[in-house]
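Chemist: below is the sequence, then the predicted model.
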Amino acid sequence: MALWYISVGGEQRGPYPTEQLRQMIAEASLPPDAFAWRDGMAQWQPLSQLELGPPQLPPLSSLPPPGPPGPPPNPAMFPCRGCGRPIHLSAVACPHCGAVNEHHPGYSPTDKRILIAFVLCFFLGGLGMHRFYVGKWGTAILMIVTLAGLGIWWLVDMIIIATGNFTDRDGNKITVWL
């Protein structure tokens, strides 16, 4: 009996026997953009492309030795924002269409770096150079005029940058150090 795993919005569910999966599809309890996987499949497939007939059994000579079942499939699969096909969390870009994977741990919507902002703030924080660097020209000029809020603004910015909560002019967190 085949056991199916379902991925809805990147969240893995299951395993479900084939008959239960057929019933869930018939009742429309699964969204149309759900993906499914079972042992023997190379990758996750959209539910709309599945044939839920009996699985083809491999020859006895190719069966693994009996033992505990292997781990379930990696739940770190996400639909690509460009083409909708599932891609792994570790992929920097979709191998099918080339769209950037926004779920990748190293993804940053900005090209600014924390280390540069931190060094600028440490040495030239009173002049607001770290704010010029991230495109916050208005507040950078205010820092110059107010002498960085008599040093308080400079200290607060140092803490915000060091904790990784500093943002660029578009409000994107600067998350990459180097």
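Modeler: Arrived safely, thanks for sending. Residues are numbered from 1 along each chain as shown.

Chemist: distance check, the nearest residue to Pro105 once chain neighbours are set aside against Asn172.
Modeler: Residue nearest to Pro105 in three dimensions, not counting chain neighbours: Leu89, with 7.4 Å by CB to CB, 6 or more residues apart in numbering. Using the backbone N, CA and C atoms, a C-beta is placed for each residue, glycine as well. Plainly put, Leu89 is 20 Å away from Asn172 if you go by CB to CB, to the nearest Å.

Chemist: over to His103?
Modeler: Taking CB to CB, one finds His103 at 16 Å from Asn172.

Chemist: compare these two (neighbour count), which wins?
Modeler: His103 (18 against 14; other CB atoms under 10 Å).

Chemist: pLDDT at Trp153, what is it?
Modeler: For Trp153, the pLDDT comes out at 93.

Chemist: check the one 5 residues further on too.
Modeler: Note for Met158: predicted pLDDT of 94.

Chemist: quick one, phi/psi of the nearest residue to it once chain neighbours are set aside?
Modeler: Of all residues not flanking Met158 in the chain, Cys121 sits nearest, at 5.5 Å (CB to CB, 6+ apart). When read as degrees, to the nearest 10, the backbone of Cys121 gives phi -70, psi -40.

Chemist: number of residues surrounding Cys121?
Modeler: 24.

Chemist: now do the contacts for it.
Modeler: Met129, His130, Trp154, Asp157, Met158, Ile161 (CB atoms under 8 Å, 6 or more residues apart in numbering).

Chemist: with His96 instead?
Modeler: So His96 contacts Cys80, Cys83, Arg85, Ile87 (CB under 8 Å, 6+ apart).

Chemist: any idea which of those is closest to Ser29?
Modeler: Arg85 (23.3 Å; CB to CB).

Chemist: what's the closest residue to Asp33 other than its chain neighbours sitting at in phi/psi?
Modeler: Take Asp33 and drop its neighbours on the chain: the residue closest to it by CB to CB, 6+ apart is Pro79, 6.7 Å away. The phi and psi values for Pro79, taken as degrees, to the nearest 10, are phi -70, psi 140.

Chemist: run a quick neighbour tally on Pro79.
Modeler: Applying other CB under 10 Å, we find 20 residues neighbouring Pro79.

Chemist: where in this protein is pLDDT low?
Modeler: 1, 32, 51-75, 106 (pLDDT under 70).

Chemist: can I see the domain layout of it?
Modeler: Listed by automatic domain parsing, the domain ranges of the chain are 3-75, 108-178.
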